[in-house]
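Colleague: Dropping a prediction and its sequence here:
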Amino acid sequence: MADTQRDTLATIVGAFVLFAGIMHFANPSFFNDIVPPWLPPSEAFWTYVSGVAEIVIGFLLLRSSTRRIGALAAIWLFIAVYPANLYMAWDWRDRPMSEQLVAYGRLPFQFLFIWLAWRVATRDRNRVNYPI
């Protein structure tokens, strides 16, 4: 992938992750509701922790000097929040079909974001002089 394509992709993913992180604070009740209730200490704790993580990772992705570490952190974040997506799909099973489709649609979408972050993190092996 060319550097300009990688930069564009990183900007798109970074902006999305940053926006999602901000939404954890703008509308915490939505995120509280999808945190599995068996996670201690509380749903709000995980909403705010993941929101901060997403904001930090979003900024890391937007800066070229921190882009690779941001992309790798994003991969781990997307994996870490997957149980919330699974819980959401299960918990929303009795809701209207349109809401169920949103919940089920998040499941494969997470894999897409993992792949996109991986594309940002990896570099062309034929090129040299990469600092990380």
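Modeller: Happy to help now that I have it. Residues are numbered from 1 along each chain as shown.

Colleague: Could you use CA atoms for every contact and neighbour count after this?
Modeller: Noted.

Colleague: Can you list phi and psi of V81 for me?
Modeller: Main-chain dihedrals, V81, degrees, to the nearest 10: phi -90, psi 0.

Colleague: Look up how far F113 lies from it.
Modeller: Applying Cα to Cα, to the nearest Å, the value for V81 to F113 is 12 Å.

Colleague: helix, strand or coil for R95?
Modeller: coil (DSSP: H, G, I helix; E, B strand; the rest coil).

Colleague: Give me the neighbour count for it.
Modeller: A count of nearby residues for R95, using other Cα atoms under 10 Å, gives 10.

Colleague: Backbone dihedrals for it, please?
Modeller: phi -80, psi 170.

Colleague: Please look at A89 and Y104 and confirm they touch.
Modeller: Yes. In this structure, A89 is within contact of Y104 by Cα atoms under 8 Å, at 5.5 Å.

Colleague: which SSE is the most centrally placed residue in the chain in?
Modeller: By Cα atoms, centre = their mean, the chain has its centre lying nearest to F78, at 4.6 Å. F78 belongs to helix 67-80 when assigned by DSSP states H and E.

Colleague: what's that helix packed up against?
Modeller: Using 3 or more Cα pairs under 8 Å, 6 or more residues apart in numbering; DSSP states H and E, the elements in contact with helix 67-80 are helix 43-62, helix 97-121.
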